[in-house]
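Colleague: With the input below, show me the fold.
(one chain, ligands or ions: 1)
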Amino acid sequence: MCLLFYAKTYYKTAFINQCNGYTVVTVLKSKFLKLNRLILFLALTATILTFINSFYSNYEVQKEQLVLQTIEVNRAYASKLSDTTEVFLRTSQQQLTYTANSLFNKMNDGSHLKEEANRLKFQTDSFNSVVISDASGLTQAASPETLDLVGRKLSSVGSVEALEEKRVLISSPYVSTLKNLIVFLSAPVFDYQGNYLGFLGGSIYLKSPNILSEILGEHYYKNGSYIYVIDQDKQILYHPEKGRIGSFIEGNDGIDEIIATKEGGLLLNNSRGIQMLAGYSTIPSTGWIVITQSPVESTLVPLTGIMEKVVLRTLPLALAVFLFIWLFARAISKPLQQLADKARSLDSPTVNEDIENIHSWYVESLGLKRAMLSGVKLMQNQIGDLKRDAETDPLTGASNRRAFQFKLKQLVLLEIPFSVLALDIDYFKRVNDAYGHSVGDDVLKQQTKILNRFSRDGDMVARTGGEEFVLLLKETSKEDAFLVAERLRIAISEETFDVVGNITVSIGIAAWAISDEISVEKTLSLADQALYEAKGQGRNRCIIA
Ligand SMILES: Nc1nc2c(ncn2[C@@H]2O[C@H](COP(=O)(O)OP(=O)(O)OP(=O)(O)O)[C@@H](O)[C@H]2O)c(=O)[nH]1
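Modeller: Predicted structure coming up:
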């Protein structure tokens, strides 16, 4: 038979398992967490992780969106600029071709040629300089005149190419005799018979102001973004930093990809190692590539604001989720906690009712509650049995000496007066000797039944020795007790006992009251003395001490 107790001290908790007389103490140190705290920790961790996860994925998605958007905007920009530049170059070529066609019979008219060169130069800002050359490469007219080229043989790359090719041309960029980085547009002049008479050429100085630089330059915008133009040889034809025009880009994989793919967008490092989001487009007639690029860093600046908004909008929901998980988890843990609390006070008289009142709203806690209730009931039954066994005489079912002593203490403590009837069967030895011990036992049992009939509520029948019994009468004077004793004696003497027939008893009576100022021990001793006297006076009688 084992009993489980629970004890709690300041710093530790112990289960005391009383088992077959041995005591096993299991100490649960405070390192064990409370369910409530575990749940709070779980709810907090789940909420924080969810929040971080949603923040992170949001950040990544927004970042990707911004990057893709910027690359697309830059590509569209580059495409628009390459279209505009293409239109400009074609218009310039048309201007040259139209004028060249009108010169077929004017190649010897110096003043006309001069006039045409000036018109082309000054009518628009398309060209930084204009030259008209005859078939041998000798300059017939030039504008501006400060160039002082008239009468001189042209030997620049563009001129030589124009003379050789004899068709409408846009040269590759080259450094002219006057040290300008030039792109040379030219149109041939033929007479009616188709004889080549020379060419009309316009130079665009890449480092000087002209329509081309205006087209590209006016789109230079802030936040670190800029536009530049390269040719297929990776030579820079336009750049907001003038000093870089004419230089070649080396060792940049991004530029190689740009040249290979002609139009699109990508992430590349610029010459300073800054990460750039580039969009690019190729000008069809020249193969030049317009590149628009923005620093990644400045592109992502709006992300801070976006993420602040995300946090502000997500936070209330995250807090609500946390609160919900916490409250829900608390509701789950509540019946368990209450059951655990009750498990610590199983000795409480109201433990059954307390456990019944716990609201176990889900299957597992209900199962636990039922198990606890049946456990408590079983324990109480066992405790009741033990108590009964410990206080009862197994043969007669009367109270034993221990229960009798306890009853006396209670009455004394409560100052309740009482009388005791010390009762002894006369010549019981003879019964045993004549009929055997078991018949003697039956006599004891039958006599106890009679005693019980004389016992009221609050009284007690106790077997204090072999065939000695005591009837304790609560709140009864010795006179009244004597009357009861007499009736009892007569009742026993008139009873027919199985096998044995009739027996008699002797009874000694004594009383206790707080006012008498005698001890309980003395009272019992007086009752014994009175019994002894009754025996001495011939038995089958009652004597008051
Ligand atoms: N059958 C039975 N006999 C018991 C029990 N306990 C004690 N006895 C007997 O009770 C008898 C008590 O005898 P005694 O006290 O000598 O006296 P008596 O024979 O009753 O005579 P008086 O008391 O002088 O009238 C003994 O024979 C015991 O063996 C018991 O539980 N069962």
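
Colleague: Leu66: how many residues sit nearby?
Modeller: Other residues lying near Leu66 total 18 when counted by other CB atoms under 10 Å. The way it works is simple: take the backbone N, C-alpha and C, and place the C-beta from them, glycine included.

Colleague: how near is Lys166 to the ligand?
Modeller: 150 Å (CB to the nearest ligand atom, to the nearest Å).

Colleague: what do you get for Ile245?
Modeller: In terms of CB to the nearest ligand atom, Ile245 sits 130 Å off from the ligand.

Colleague: cool, Asn352 as well?
Modeller: Asn352 is 39 Å from the ligand, by CB to the nearest ligand atom.

Colleague: Tell me where the model's unsure across the stretch 251-400 of the chain.
Modeller: Scanning the stretch 251-400 of the chain for pLDDT under 70 picks out no residues.

Colleague: Which residues of it lie near the ligand?
Modeller: With CB under 6 Å from any ligand atom as the criterion, the stretch 251-400 of the chain meets the ligand at residues Leu395.

Colleague: give me the residue from the stretch 251-400 of the chain nearest the ligand.
Modeller: Leu395 (6.0 Å; CB to the nearest ligand atom).

Colleague: Repeat that for the stretch 101-250 of the chain.
Modeller: Counting by CB to the nearest ligand atom, the stretch 101-250 of the chain gets nearest to the ligand through Asn223 (111.6 Å).

Colleague: I'd say that residue and Leu300 touch.
Modeller: No - the pair Asn223 / Leu300 is not scored as a contact, 11.2 Å apart, by CB atoms under 8 Å.

Colleague: Who has more neighbours out of these two?
Modeller: Leu300 (17 against 10).

Colleague: gap between that one and Glu60?
Modeller: 12 Å (CB to CB, to the nearest Å).

Colleague: do the same with Val229
Modeller: 34 Å.

Colleague: Which one of the two is surrounded by more residues?
Modeller: Counted by other CB under 10 Å, Val229 and Glu60 do not tie: Val229 has more neighbours, with 24 against 10.

Colleague: Mind telling me what element the more buried one is part of?
Modeller: Per DSSP states H and E, Val229 falls inside strand 226-230.

Colleague: helix or strand right after that strand?
Modeller: strand 236-238.

Colleague: Let me see the ranges of the helices in the stretch 351-500 of the chain.
Modeller: For the stretch 351-500 of the chain, helices defined by DSSP state H, counting those that start in this stretch occupy the ranges 351-357, 363-391, 401-413, 428-435, 437-453, 478-494.

Colleague: got it, and the stretch 51-200 of the chain?
Modeller: Taking DSSP H, counting those that start in this stretch, the helices of the stretch 51-200 of the chain run over residues 110-123, 157-165.

Colleague: Just to check, the residue of the stretch 251-400 of the chain closest to the ligand is in contact with Val443?
Modeller: No - Leu395 sits out of contact with Val443 when judged by CB under 8 Å, with a separation of 11.0 Å.

Colleague: In contact with Val157, which residues?
Modeller: Ser171, Ser172, Tyr174, Phe184 (CB atoms under 8 Å, 6 or more residues apart in numbering).

Colleague: follow-up on the earlier one: so which of the helices of the stretch 351-500 of the chain is nearest Thr47?
Modeller: helix 363-391 (24.6 Å; CB to CB).

Colleague: Which other helices and strands does the closest one contact?
Modeller: If contacts are counted by 3 or more CB pairs under 8 Å, 6 or more residues apart in numbering; DSSP states H and E, helix 363-391 sits against helix 301-343, helix 351-357, helix 401-413.

Colleague: so that helix versus helix 301-343, what angle?
Modeller: Going by axes from the mean of the first three to the mean of the last three CA atoms, to 10 degrees, helix 363-391 is angled at 20 degrees with respect to helix 301-343.

Colleague: Return the set of buried residues in helix 363-391.
Modeller: Within helix 363-391, the residues that qualify as buried by neighbour count (16 or more other CB atoms under 10 Å) are Ser365, Leu368, Lys369, Met372, Leu373, Val376, Met379, Glu391.

Colleague: for stretch 83-100, same thing?
Modeller: Result for stretch 83-100 [16+ other CB under 10 Å]: buried residues Thr84, Thr85, Glu86, Phe88, Leu89, Ser92, Gln93, Gln95, Leu96, Thr97, Thr99, Ala100.

Colleague: Can you report how many residues lie near the nearest residue to the second one once chain neighbours are set aside?
Modeller: Counting by CB to CB, 6 or more residues apart in numbering, the nearest residue to Thr85 once its immediate chain neighbours are dropped is Ile283, at 5.2 Å. The burial metric for Ile283, expressed as a neighbour count using other CB under 10 Å, is 23.

Colleague: Likewise for Ile325?
Modeller: Neighbour count of Ile325, defined by other CB under 10 Å: 18.

Colleague: Over to the one 5 residues further on?
Modeller: The burial count assigned to Arg330 is 15, neighbours taken as other CB under 10 Å.

Colleague: How about it: what's its closest non-neighbour residue?
Modeller: Using CB to CB, 6+ apart, the nearest residue to Arg330 is Ile39, at 6.6 Å.

Colleague: Show me what from this protein comes close to the ligand.
Modeller: 395, 424-429, 432, 437, 440-441, 444, 466-467, 535, 539.

Colleague: how deep is the closest residue in space to Asn105 that isn't next to it in sequence tucked in, by neighbour count?
Modeller: Among residues not flanking Asn105 along the chain, Asp191 sits closest, at 7.2 Å (CB to CB, 6+ apart). The tally of other residues near Asp191 (other CB under 10 Å) stands at 12.

Colleague: what does Pro188 give?
Modeller: 22.

Colleague: ok, now Ile514?
Modeller: Neighbours of Ile514 using other CB under 10 Å come to 12.

Colleague: Kindly report the same for Leu169.
Modeller: If we define neighbours as other CB under 10 Å, then Leu169 has 20 of them.

Colleague: tell me the contacts of it?
Modeller: Each residue near Leu169 by CB under 8 Å, 6+ apart is listed here: Gly158, Glu161, Ala162, Phe184, Leu185, Ser186.

Colleague: try it again with 7 Å
Modeller: By CB atoms under 7 Å, 6 or more residues apart in numbering, the residues touching Leu169 are Glu161, Ala162, Ser186.

Colleague: can you put those residues in CSV and add distance to Leu346, neighbour count and pLDDT?
Modeller: Compiled in CSV, these are given as follows (distance: CB to CB, whole Å; neighbours: other CB atoms under 10 Å; pLDDT from 0 to 100):
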residue, distance to Leu346, neighbour count, pLDDT
Glu161, 109, 19, 94
Ala162, 112, 27, 95
Ser186, 110, 27, 96
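
Colleague: between the residues you listed, which is closest to Met460?
Modeller: Glu161 (137.8 Å).

Colleague: Quick check: that closest one touching Ile170?
Modeller: No - counting by CB atoms under 7 Å, Glu161 does not reach Ile170; the two are 10.0 Å apart.

Colleague: which residue does the stretch 51-200 of the chain bring closest to the ligand?
Modeller: Phe51 (80.7 Å).

Colleague: Contacts only, for that residue.
Modeller: Phe51 makes contact with Thr314, Ala318, according to CB under 7 Å, 6+ apart.

Colleague: So this protein: which segments form each domain?
Modeller: For the chain, automatic domain parsing gives the domain ranges 103-205, 392-544.

Colleague: So for Leu395 and Val443, which sits in the more crowded spot?
Modeller: Each of Leu395 and Val443 has its neighbours counted (other CB under 10 Å); Val443 has more, 22 against 12.

Colleague: Turn the helices of the stretch 51-200 of the chain into CSV, including distance to Leu212.
Modeller: Shown next, in CSV, are the helices of the stretch 51-200 of the chain (distance: least, CB to CB, whole Å):
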stretch, distance to Leu212
helix 110-123, 15
helix 157-165, 16
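
Colleague: So Leu33, which state does it fall into?
Modeller: Judged by DSSP: H, G, I helix; E, B strand; the rest coil, the three-state class of Leu33 is coil.
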